[in-house]
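Novice: Here is a sequence together with a model predicted from it:
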Amino acid sequence: MKKYNFNAGPSILPQVVIEKTAEAVKDFNGSGLSIMEISHRSKDFQAVMDEAVALFKELLQIPDGYSVLFLGGGASLQFCMVPYNLLEKKAAYLNTGTWANKALKEAKFFGEVVEVASSKDALYSYIPKDYTIPADADYFHITTNNTIYGTEIRKDIDSPIPLVADMSSDIFSRPLDVSKYAVIYGGAQKNVGPAGVAFVIVKEDVLGKVSRPIPTMLNYRTHVENGSMFNTPPVLPIYACLETLRWLKALGGVEVMEKINIEKATMLYEEIDRNPLFKGTAVPEDRSIMNVCFVMSDEYKDLEQEFLKFATERGMVGIKGHRSIGGFRASIYNAMPKEGVQALIDCMREFERINLR
């Protein structure tokens, strides 16, 4: 039985990436050594880092004046590093979910934090629209895709102050105007590679403006000046990221990827809206194309565990909703093929026939 990986993260990777990385684990570039044991200072690994950075810049059309970093600590460490490096007096945050709220809480250690808007009142089922970004804040922070609640900001915001975005779960899912952002960061384990490395795209001229001393490892300048090699980087995850970026380029880049993602999401949302057993949790205009969240309709709530078992037995892996809200979550990141989405739809239709015949 074929299995389809809908896990929210660590999540599905392209099969070719798994195969190429497995080959490199056994023998990297015919060196007789594993990618896990070569020196990060070697020419071979420097070439990996250089190509990964170059593909990041090419695929996202990153303009001059930005650096691409590969760091340890995941996106959660960036909740701290962003305010450490950018917050002098005040920062503004849009609270659209669990991860946005965690980022906001970390920033409070470094100065005043303004919550410009929140959708917590409706269990984060929508993206706030009518809010004012304070012009006197040092930066405005957003989380573009909310994995737990299935909402997404899919347009680049025009901000009067430096814009910072956590794009852990939707980076490379659509084209970006990177020039509108001061910092873009995220964990790799959704659309870029395996867990163990975080990416940071930072505009260099926003650095060096805070008066506080910054510990060496938490200073973006340290990593910019050392090409992400101040200390030993996460070598294996970075190599897997490179293979993912190669795969994405061969596919046609983010423009092609966006069309595929929209098609997959549309298929699944149309089934959720059609099928009387299920209902979506996010308002339609803010639905994520990466994380499709849904629950049983009110009159069929008692079938939730039964459907979870039914789908799992048919190869649907990881569709259980986050423990904080329950229901179901189908994470259909870049590497999820259309056939996987169709397989889930077929499960939903079969379950409907069995229970509503």
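Specialist: Here it is on my side, so go on. All figures in this text were calculated on a predicted structure; none of them were measured in a lab. Residues are numbered from 1 along each chain as shown.
Novice: Let me know the secondary structure of the residue nearest the centre of the chain.
Specialist: Taking Cα atoms, centre = their mean as the criterion, residue 169 is the residue nearest the geometric centre of the chain, at 1.5 Å. Three-state assignment for residue 169 (DSSP: H, G, I helix; E, B strand; the rest coil): coil.
Novice: Pull the contacting residues for it.
Specialist: Shown in contact with residue 169 (Cβ atoms under 8 Å, 6 or more residues apart in numbering): 8, 9, 145, 147, 186, 190, 191, 290, 291, 331, 333. Just so you know, the C-beta spots here come from the backbone N, C-alpha and C atoms, and that holds for glycine as well.
Novice: The same query, at a cut-off of 6 Å, please.
Specialist: The neighbours of residue 169, taking Cβ atoms under 6 Å, 6 or more residues apart in numbering as the test, are 145, 147, 190, 290.
Novice: List only those of the residues you listed flagged as buried.
Specialist: With neighbours counted by 16 or more other Cβ atoms under 10 Å, those contain buried members at 145, 147, 190, 290.
Novice: Could you pull up the mean pLDDT of the longest helix seen in the chain?
Specialist: Using DSSP state H to define each element, the chain has its longest helix at helix 254-274. Mean pLDDT, helix 254-274: 98.
Novice: Check stretch 186-205 too.
Specialist: 98.
Novice: So for it, what gets flagged as buried?
Specialist: Neighbour counts using 16+ other Cβ under 10 Å place 186-194, 196-203 of stretch 186-205 among the buried residues.
Novice: swap in stretch 289-300?
Specialist: Within stretch 289-300, the residues that qualify as buried are 289, 290, 291, 292, 293, 294, 295, 296, 300, counting by 16+ other Cβ under 10 Å.
Novice: now the first one, what's its secondary structure?
Specialist: Using three-state DSSP, the structure places residue 289 in coil.
Novice: how much space between the residue nearest to it when sequence neighbours are not counted and residue 288?
Specialist: Once flanking residues are discounted, residue 289 sits nearest to residue 265: 3.9 Å by Cβ to Cβ, 6 or more residues apart in numbering. Relative to residue 288, residue 265 is positioned 8 Å away (criterion: Cβ to Cβ, to the nearest Å).
Novice: Helices of the protein, residue ranges please.
Specialist: Applying DSSP H to the chain gives helices spanning 15-26, 43-60, 74-86, 98-107, 220-225, 235-251, 254-274, 304-313, 338-356.
Novice: hmm, back to that, taking the buried residues of stretch 186-205 one by one, which sit in strands?
Specialist: The strands in this structure, assigned by DSSP state E, contain 186, 187, 198, 199, 200, 201, 202, 203 from the buried residues of stretch 186-205.
Novice: re earlier: can you put the contacts of residue 169 in CSV and add distance to residue 340?
Specialist: CSV is the format used below for these (distance: Cβ to Cβ, whole Å):
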residue, distance to residue 340
145, 19
147, 18
190, 15
290, 14
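Novice: Identify the residues contacting residue 122.
Specialist: Residues counted as contacts of residue 122 (Cβ under 6 Å, 6+ apart): none.
Novice: Export the helices of the chain as JSON lines, with columns for distance to residue 178.
Specialist: Compiled in JSON lines, those are given as follows (distance: least, Cβ to Cβ, whole Å):
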{"stretch": "helix 15-26", "distance to residue 178": "24"}
{"stretch": "helix 43-60", "distance to residue 178": "6"}
{"stretch": "helix 74-86", "distance to residue 178": "16"}
{"stretch": "helix 98-107", "distance to residue 178": "20"}
{"stretch": "helix 220-225", "distance to residue 178": "16"}
{"stretch": "helix 235-251", "distance to residue 178": "15"}
{"stretch": "helix 254-274", "distance to residue 178": "11"}
{"stretch": "helix 304-313", "distance to residue 178": "38"}
{"stretch": "helix 338-356", "distance to residue 178": "28"}
